[in-house]
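A.B. asks: heads up, no residue letters with this:
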């Protein structure tokens, strides 16, 4: 058994006030058949992509920045390594994220399948993966598909992600490409390009 409790502070409410949140209150039970996570757990929809980027202290990953997924939510998860390098994660959560309580009877289902090293910000390797999540609503379900990959070797790291989220006629997409090079032990250089579009305003940033 492992336990993790994380507090966070962020802007919230109409007055944008600073508020303290319980971000994670997670219990992990590891067995020979995989790991079961319970409580306020970290979401499987963004973690590997964020490590491919590697600089959350500078900026959130594109999927988190554009609010395609919460970083943590109340629910249950199961993860396991099916083969030598294939990692599978399934989660059923309340869908509102860690800043809100359950507001309806609908729940969010999330799947992450990653092949390769999941922490290329620490280990030279590569990965490629697929994320799918769906949450019913009173009207149309909110569906998200994310395809991502990363590569690290010789102090160089490269990552790319393509996300698409749909709800009825609304379609939003993200393309994010990142790279960094560690020139010295305490000196990194990085480049990141994000493009967000939707079929309502056709915004790019």
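C.D. replies: All right, it came through fine. Just so it is clear, the model here is predicted, and its values are computed rather than measured. Residues are numbered from 1 along each chain as shown.

A.B. asks: who's residue 40 bridged to?
C.D. replies: Beta bridges link residue 40 to residue 25, residue 74, judged by DSSP bridges.

A.B. asks: burial of residue 182, as a residue count?
C.D. replies: Using other Cβ atoms under 10 Å, residue 182 is surrounded by 15 other residues. (Each C-beta comes from the backbone N, C-alpha and C, glycine too.)

A.B. asks: quick one, helices of this structure?
C.D. replies: Under the criterion DSSP state H, helices of the chain are mapped to 47-53, 62-65.

A.B. asks: buried residues in stretch 180-198, which are they?
C.D. replies: Neighbour counts over stretch 180-198 (16 or more other Cβ atoms under 10 Å) mark 180, 192, 194, 196, 197 as buried.

A.B. asks: list the beta-bridge partners for the residue nearest to residue 160 when sequence neighbours are not counted.
C.D. replies: Using Cβ to Cβ, 6 or more residues apart in numbering and skipping the chain neighbours, the partner closest in space to residue 160 is residue 177 (4.9 Å). Using DSSP bridges, the bridge partners assigned to residue 177 are residue 160, residue 193.

A.B. asks: surely residue 177 meets residue 159?
C.D. replies: Yes: in this structure, residue 177 is within contact of residue 159 by Cβ atoms under 8 Å, at 7.3 Å.

A.B. asks: please say which of these two ends up with more neighbours.
C.D. replies: residue 159 (26 against 15).

A.B. asks: show me the contacts for the residue nearest to residue 160.
C.D. replies: By Cβ atoms under 8 Å, 6 or more residues apart in numbering, the residues touching residue 177 are 159, 160, 192, 193.
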